[in-house]
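Novice: coords please:
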Amino acid sequence: ASAAVDHIKDFINYSYLSRKIIIEKPLISYQHFCKSHYEIKGDNAIIGFNKRFEKGIIKLKEYLVESKSKILSSNIVCQSNLKNWRKEDNRDISESISLNFDLGGGVTNELSHEIDLAEYLVGEIIDISGTKNRNYYKNTLVEDSALLFSKHKNKQLTSKISISFASKSEIRYIYFELEKGFHL
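Specialist: Next up, the predicted model:
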């Protein structure tokens with residue numbers, strides 16, 4: 001667990017210490033990094049996305065696997081308000097790491113859990129496209145909202161991922177449309 005901007009450097013510097021290393025999220029460029037900068041032998045790097053270990057997510061994954069129902073569409077949403085984060089921190093919101101690009105800020109880094117959940121629940125992501133916007137925090141260098149579409153290898157399915165930390169409300173959900181008219 002280090003500053004987001006140091007994750008790759010720390011991995012390179014300390015990977016010789018262990019055959020398995022857990023890297024704190026975010027590490028959005030992980031696959032590109034591994035292929036172009038460092039040879040990883042086996043599966044020695046694990047990126048720590050803690051949402052995968054929540055009871056509800058585990059049950060959802062079990063249901064999707066056991067039901068063998070084909071996923072027709074998925075919509076993963078997290079609309080949050082950055083002003084509600086880390087309230088015990090007395091600093092001004094403009095000093096937040098979340099609003100500092102050089103420290104790993106931006107909604108695609110901060111809410112990368114939803115991107116990981118798309119991969120974990122639907123299957124390996126082979127491409128992501130979409131838009132990133134500064135809707136509220138306009139005087140920063142980071143995006144506060146993003147609408148992403150992740151294409152999955154196994155099912156040739158595209159997941160819609162909508163994330164924001166500039167929302168007035170707090171909403172987080174995952175919606176699946178399954179074959180035979182089932183919805184989750």
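
Novice: Report pLDDT for Phe176.
Specialist: Phe176 is assigned 93 on the pLDDT scale.

Novice: Ile47 and Gln79: what is the separation?
Specialist: Shown here: Ile47 relative to Gln79, a distance of 24 Å by CB to CB, to the nearest Å. Using the backbone N, CA and C atoms, a C-beta is placed for each residue, glycine as well.

Novice: And Ile8, by the same measure?
Specialist: From Ile8 to Gln79 the distance is 29 Å (CB to CB).

Novice: can you check Tyr63 too?
Specialist: Distance of Tyr63 to Gln79, computed by CB to CB: 24 Å.

Novice: Who has more neighbours out of the two?
Specialist: Each of Tyr63 and Gln79 has its neighbours counted (other CB atoms under 10 Å); Gln79 has more, 18 against 13.

Novice: quick one: which helix or strand includes the more buried one?
Specialist: In the assignment (DSSP states H and E), Gln79 maps to strand 71-81.

Novice: contacting residues for the residue lying closest to Ser129 once chain neighbours are set aside?
Specialist: Counting by CB to CB, 6 or more residues apart in numbering, Ser129 lies nearest to Phe149, which is 5.4 Å off, once chain neighbours are set aside. By CB atoms under 8 Å, 6 or more residues apart in numbering, the contact list for Phe149 reads Ile128, Ser129, Gly130, Thr158, Ser159, Lys160, Ile161.

Novice: Report the buried members of those.
Specialist: Buried subset of these (neighbour count, 16 or more other CB atoms under 10 Å): Ile128, Thr158, Ser159, Lys160, Ile161.

Novice: Out of these, list just those in strands.
Specialist: Ile128, Thr158, Ser159, Lys160, Ile161 (DSSP state E).

Novice: With Leu82 as the reference, measure out to the third one.
Specialist: It stands for Ser159. In this view, Ser159 and Leu82 are 24 Å apart by CB to CB.

Novice: Kindly report the same for the first one.
Specialist: Separation of Ile128 from Leu82 (CB to CB): 22 Å.

Novice: How about the contacts made by Leu99?
Specialist: Contacts of Leu99 (CB under 8 Å, 6+ apart): Leu82, Ile93, Gly105, Tyr137, Thr140, Val142.
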